[in-house]
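**Q** Structure, please.
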Amino acid sequence: MKKIFKYAMVGLLGCVTLSSCLESALETSPTDSMSGTGLLANANAALVPLNGIYRSMYASWSPSANTHQSFGISSYTLMADLMGEDMIQAAQGSGWFWFDCLYNVKSRYTSTAWRSYDVWNCYYTWISNANYILAAESTMEGEKADVNYVIGQAYAIRAYSYFMLAQTFARTYKGHESEPCCPIYTEPTVAGTQGNPRSTVQEVYNQLNSDIDKAIELLNGTERKHISHINYATALGLKARIALVMEDWNTAKAAAKEAITASQCTVLPVENFAGLNNSSAANVMWGAEIISDQSTMYASFFSHMDADGSGYANSGAYKEISKTLYNQMSTADTRRAWWDPTDERNGDYGYMQNKFRFSDTQTWTGDYIWMRVEEMYLTAAEAECRLGEEAEAIKDLTSVMSKRVDGYTCSKTGAALGKLTTDVTGSLLEEIITQRRIELWGEIGRIYDIRRLKQGFVRTTEMGWPVATLLTNRPSNDPESYMWVLTIPQTEFDGNINMDPIKDQNPVGDTK
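**A** This is a model prediction of the structure:
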């Protein structure tokens, strides 16, 4: 039985009210107050606000002027992919995501209709609501496993949110540990709560690591109720992502390996998960099941991706793969089906994507995939290569590639990477990263990998990039650049006495 739950998103300044709805068998009444004690009195009732947080992870919720490029996790992944070199947006179209692609959003931090406000408030909304749930940890009634299930997810949501804030509003972890990041809140907040100052990158990572470790501890042994919920395996997957950024190769390897085992997921042939729109596929570890009455129509991932649907991608803002990356695939690689070099709409640009398609264009539906088991194999392979365990790295790489290229083998060695992503070294690590770029194209946000790998990148017309997007005279070749460090919204300075707009604002330009 489908229940529609409504609650108020109580959080930091600028948080908004959302409707939550998730297919569920909960026999509880709808509520209009997240902070009501009844919702958090027992584990069964607490699923209502928990489901509400997850609903907002794929809902269109940002202020009206920015709604159609702000629909939760998948919108920020698309933003980050278009900030790199592998995913091309062929034209401005209606303007959505175009300014992310051009790196032309940082100066608009005074507006509530642009990225700074949108991203900051989204993640802090999730943190604030997770904090309300966590405040009931010692008083929540119910079976231990049920309480652990709710509280464990709240810790994971908070960890994930701080992780993404750190990746967006500060430079990458390694080498920048003492630099300013974002304020930390671990208690419930309301509009009148005094704001905290920016914590350092190290302090934020200390907090999010503590949170994800607690989540893993509590979720171990619990049973997942819905694919959108972060379970034990997904929490381990998040731990592996965090460890990659921190260059903690042993932890990345261990977390990824355990995630593979715990998930019971299987690497699938390309034809078995066509369209990447089915969260029940055997390789999916985490995703959102989108049903027709929850579709956000134009304001949705597939609207921006599927050029044969009725959304924005059909208006000329095609999403395409770089010709350079496409040509790195073997001619026998079955992933070539994800892009079409022969599509007449390609023009002089990249190759049209077919990887992400609506499952039903009439109802604007298609599930969102936020984590696949293939990512975990590639994560383990990278970590093993970094540790000098090349045989194991090739084994994990082959676990994916044997389902992509018949008879795939790899005899490469070494961990050298080029200064630029286009520089070729021929190393094993480069092979792993290249296959990661192809396999996870459009799924994890390319710029986040570029940042942690400390590589620069270039865009050229030969790759298929429009002239307007070439980032001419911009320091995209400098991994220490502030190009990809977003400015903090003015509303935060207006409402937080511990944040100084002169001292605490990130550079509006590309350099400090």
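
**Q** where along the stretch 101-250 of the chain do the helices fall?
**A** For the stretch 101-250 of the chain, applying DSSP state H, counting those that start in this stretch gives helices covering 115-134, 144-169, 201-219, 232-246, 249-263.

**Q** could I get those as JSON lines with distance to Glu492, mean neighbour count and mean pLDDT?
**A** Where C-beta positions appear, they are placed from N, C-alpha and C, glycine not excepted. Formatted as JSON lines, these follow (distance: least, Cβ to Cβ, whole Å; neighbours: other Cβ atoms under 10 Å; pLDDT from 0 to 100):
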{"stretch": "helix 115-134", "distance to Glu492": "6", "mean neighbour count": "25", "mean pLDDT": "96"}
{"stretch": "helix 144-169", "distance to Glu492": "10", "mean neighbour count": "24", "mean pLDDT": "98"}
{"stretch": "helix 201-219", "distance to Glu492": "15", "mean neighbour count": "21", "mean pLDDT": "98"}
{"stretch": "helix 232-246", "distance to Glu492": "24", "mean neighbour count": "25", "mean pLDDT": "99"}
{"stretch": "helix 249-263", "distance to Glu492": "32", "mean neighbour count": "21", "mean pLDDT": "98"}
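
**Q** how far away is the most centrally placed residue in the chain from Ile447?
**A** Per Cα atoms, centre = their mean, the C-alpha nearest to the average position across the chain is that of Thr77, at 4.6 Å. Per Cβ to Cβ, to the nearest Å, Thr77 is found 10 Å from Ile447.

**Q** what's the answer for Leu453, then?
**A** For Leu453, the distance to Ile447 - Cβ to Cβ - is 11 Å.

**Q** cool, Glu141 as well?
**A** In terms of Cβ to Cβ, Glu141 sits 44 Å off from Ile447.

**Q** Kindly report the same for Asn148.
**A** Counting by Cβ to Cβ, the gap from Asn148 to Ile447 is 35 Å.

**Q** still on that earlier bit, of Glu141 and Ile447, which one has the most company?
**A** Taking neighbours as other Cβ atoms under 10 Å, Glu141 and Ile447 compare with Ile447 leading, 22 against 14.

**Q** The more buried one: which element?
**A** helix 446-453 (DSSP states H and E).

**Q** got any ranges where the protein has weak pLDDT?
**A** Residues of the chain that meet the criterion pLDDT under 70 lie in 1-37, 63-64.

**Q** all strands of the chain, in order?
**A** Assigned by DSSP state E, the chain shows strands spanning 2-7, 18-23, 87-89, 284-288, 319-321, 339-340, 351-353, 368-372.

**Q** Summarise which helices and strands the fifth one is packed against.
**A** In other words, strand 319-321. The elements that strand 319-321 packs onto, with contact taken as 3 or more Cβ pairs under 8 Å, 6 or more residues apart in numbering; DSSP states H and E, are strand 87-89, strand 351-353.

**Q** One more: the shortest one?
**A** If contacts are counted by 3+ Cβ pairs under 8 Å, 6+ apart, strand 339-340 sits against strand 351-353.

**Q** Give me the contacts around the strand it packs on.
**A** Residues outside strand 351-353 that contact it (Cβ atoms under 8 Å, 6 or more residues apart in numbering) are 305, 307, 318-321, 323, 326, 338-341, 343, 345-346, 442, 464.

**Q** follow-up on the earlier one: now the angle between helix 144-169 and the helix holding Ile447, please.
**A** 80 degrees (axes from the mean of the first three to the mean of the last three Cα atoms, to 10 degrees).

**Q** What count of nearby residues applies to Glu271?
**A** Neighbour tally, Glu271, other Cβ under 10 Å: 8.

**Q** can I assume it is in contact with Thr334?
**A** Yes - applying Cβ atoms under 8 Å, one finds Glu271 in contact with Thr334, separated by 7.2 Å.

**Q** what's in contact with the helix holding Ile447?
**A** With Cβ under 8 Å, 6+ apart, helix 446-453 has contacts from 80-81, 83-87, 167, 171-174, 244-245, 247, 417, 421, 433, 436-437, 456-457, 479, 484.

**Q** Much appreciated, bye for now.
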